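Undergrad: sequence below, structure please.
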Amino acid sequence: MVRSVAGLNILVAIIYNRHICRNNEGVRVIRVAVTPDLVLDDEMYELARYALSWCAPEQVEGFTWERFVTRESWTLVPDVENPDIPFFKAEFVIKLAAPWQQTVKLNVWHSADVRRDGAPLPHSHPWNFRGYVLLGGYEEDRYELSGGQVEAQPGQVHLAGMVNNVPLTTFHEVRRVLVPDRTLSLMDCDLGIKNAWGYLDPDTGVYTPCIKSEVDARFKPLMLARNPHLRK
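TA: Below you'll find the predicted structure:
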């Protein structure tokens, strides 16, 4: 799906302005505790629905409030290095179906997405994607591997109303969540390549595919423990 830069700028500006106007007007927020540690509200829902109307308009009708606050809609993504934390983000896959040309996910960020006890171990993704920051914000470190050399771009800050473009060749880590549990982002992903992602050691430039990673092996048991509905 082709989207113009001008159209993207209009979208993020509208999203940001809706948030500011709502706060200034003192609108009462409706909150629902989906789990003890995942609390959603109607402002999150409205912003997600509006962004969805731009990225995947055919999904809007089925994206209801009831579906938004249903426990089974959300996957609590565990922090392998800190298993006592309930999740570092909660993920809602809104669109993932044949012909697989587009995947759309909603993320509520609780804490940083780091591995190896906090030492840099950035990961890539199996698709190009655009991350629309709808509420709050986060800081990421980005890395590119070029000619065997690692190029670092630390401290990239993405705030509400901004778009984070992440190509297949980029490795990154979310190092800090600016507003924990109130940072909301929507991922609009292009056609993916199966298992075409992994981890980069910035010190050595060594790339480890996800299917061969020790981190990935420890991740699955925690994921199933946090999300019993995925065991079906």
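
Undergrad: can you map out the helices along this protein?
TA: With helices called from DSSP state H, the chain shows them at 5-25, 42-55, 65-68, 214-226.

Undergrad: pLDDT score for the residue nearest to the spatial centre of the chain?
TA: Centroid-nearest residue in the chain, with CA atoms, centre = their mean: Asn107, separated by 4.3 Å. Taken from the predicted model, the pLDDT recorded for Asn107 is 98.

Undergrad: for it, list each beta-bridge partner.
TA: Here Asn107 sits in beta bridges with Glu91, Ser185, going by DSSP bridges.

Undergrad: show me the shaky parts of this structure.
TA: 1-28 (pLDDT under 70).

Undergrad: recalculate using a threshold of 80.
TA: 1-29, 98-99, 116-118, 215-217, 232 (pLDDT under 80).

Undergrad: and the strands in the protein?
TA: For the chain, the strands identified by DSSP state E occupy 31-35, 38-41, 75-77, 89-95, 103-109, 129-135, 137-146, 149-159, 163-166, 170-177, 183-189, 198-200, 207-209, in order along the chain.

Undergrad: any idea which of these gets closest to Asp117?
TA: Distance to Asp117, taken as CB to CB, is lowest for strand 170-177 among the strands of the chain, at 12.9 Å. In this view, the C-beta of every residue, glycine as well, is placed from N, C-alpha and C.

Undergrad: run the chain-centre distance for the closest one.
TA: 11 Å (CA atoms, centre = their mean, to the nearest Å).

Undergrad: identify all contacting residues around it.
TA: The contact list for strand 170-177, computed with CB atoms under 8 Å, 6 or more residues apart in numbering, reads 109-115, 120-124, 136, 138-145, 166, 183, 199-200.

Undergrad: swap in stretch 34-42?
TA: When contacts are defined by CB under 8 Å, 6+ apart, stretch 34-42 is touched by residues 29-33, 65, 68-71, 74, 76, 86-87, 90, 108, 110, 181.

Undergrad: same thing but 10 Å
TA: For stretch 34-42, contacts defined as CB atoms under 10 Å, 6 or more residues apart in numbering pick out 22, 27-33, 48, 65, 68-74, 76, 85-87, 89-90, 92, 108, 110, 135, 181-182, 184, 226.

Undergrad: what about Gln59, how many neighbours?
TA: Counted by other CB atoms under 10 Å, the residues lying close to Gln59 total 15.

Undergrad: brain fart, Thr208
TA: By the measure other CB under 10 Å, the count of residues near Thr208 is 16.

Undergrad: also the one 10 residues further on?
TA: With neighbours defined by other CB under 10 Å, the count for Arg218 comes to 15.

Undergrad: when you give positions from now on, start the count at 37
TA: Taking 37 as the first residue, the last one we looked at is Arg254.
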